[in-house]
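S.K.: can't give you the sequence, but here's the structure:
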DNA sequence: CACCAGGCAAGTA
DNA sequence: TACTTGCATGGT
């Protein structure tokens, strides 16, 4: 059972960065587009999300008030390629309604909250869970919080750094208790984990040539 | 053909 | 509290 130190976490980061370079997340979007994309990409391939984003963009609807005044049914039709379109249309409406009603649809007003308050606000919205909330805080608000996803858990579990049933806060704490709050670092680190997870840490694992081969364990 | 992707909430016991 | 299930398109 390896001990998870700051040095170990930084080693993994540099191994992944050295192999893949910067991932440029979140791909070319304004903060509001990141918020929308964070909901659309729930359990869904990003390529599918891009089609949905394009549909909204082409019609000039990818703004807080554009979506605010759009019916849930019509929104669902436009985001259809992203999958779960009925569920996601409701979730987006929930997010946009709260964002416009309580923050006037201004990202700057949301950013004036503390990270804890912003997280509590986002989590109080039906359809926004921990990963989506943290993705919005990190990639839209550009505040330092570590995003944990299924790949993060799988990689750490396979390297015996966490148990299989480790909960979100446990995994997040593993990183945040050891690394100084650094938005750029957390941004790149999560993106690299997703990249490595996709290419190597699937079922079955493709460990040959994985940048984390021989790391921790 | 099967499998799954940058999750989440609601239902069940 | 601890599982289970529904949601859905598009790529490999």
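M.R.: Perfect, I can see it now. Predicted model only: the values in this text are computed from it and were never measured.
S.K.: if you go through chain A in chain order, where are the helices?
M.R.: Using DSSP state H, the helices found in chain A span residues A:6-20, A:31-40, A:46-58, A:64-68, A:72-78, A:85-103, A:107-111, A:115-123, A:130-135, A:150-158, A:168-176, A:183-199.
S.K.: by contact count, what packs against the second one?
M.R.: Based on contacts counted as 3 or more Cβ pairs under 8 Å, 6 or more residues apart in numbering; DSSP states H and E, the elements that helix A:31-40 packs against are helix A:46-58, helix A:85-103, helix A:130-135. (Glycine included, C-beta is placed from N, CA and C.)
S.K.: rerun that using 6 Å as the cut-off
M.R.: Under the contact criterion of 3 or more Cβ pairs under 6 Å, 6 or more residues apart in numbering; DSSP states H and E, helix A:31-40 touches helix A:46-58.
S.K.: Serialize the helices of chain A to JSON lines and add fields for distance to residue A:217 and mean pLDDT.
M.R.: Shown next, in JSON lines, are these (distance: least, Cβ to Cβ, whole Å; pLDDT from 0 to 100):
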{"stretch": "helix A:6-20", "distance to residue A:217": "10", "mean pLDDT": "98"}
{"stretch": "helix A:31-40", "distance to residue A:217": "32", "mean pLDDT": "98"}
{"stretch": "helix A:46-58", "distance to residue A:217": "30", "mean pLDDT": "98"}
{"stretch": "helix A:64-68", "distance to residue A:217": "46", "mean pLDDT": "98"}
{"stretch": "helix A:72-78", "distance to residue A:217": "45", "mean pLDDT": "98"}
{"stretch": "helix A:85-103", "distance to residue A:217": "38", "mean pLDDT": "98"}
{"stretch": "helix A:107-111", "distance to residue A:217": "40", "mean pLDDT": "98"}
{"stretch": "helix A:115-123", "distance to residue A:217": "32", "mean pLDDT": "98"}
{"stretch": "helix A:130-135", "distance to residue A:217": "26", "mean pLDDT": "98"}
{"stretch": "helix A:150-158", "distance to residue A:217": "9", "mean pLDDT": "97"}
{"stretch": "helix A:168-176", "distance to residue A:217": "15", "mean pLDDT": "98"}
{"stretch": "helix A:183-199", "distance to residue A:217": "15", "mean pLDDT": "98"}
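S.K.: of all the ones you listed, which lies closest to residue A:205?
M.R.: helix A:150-158 (6.9 Å; Cβ to Cβ).
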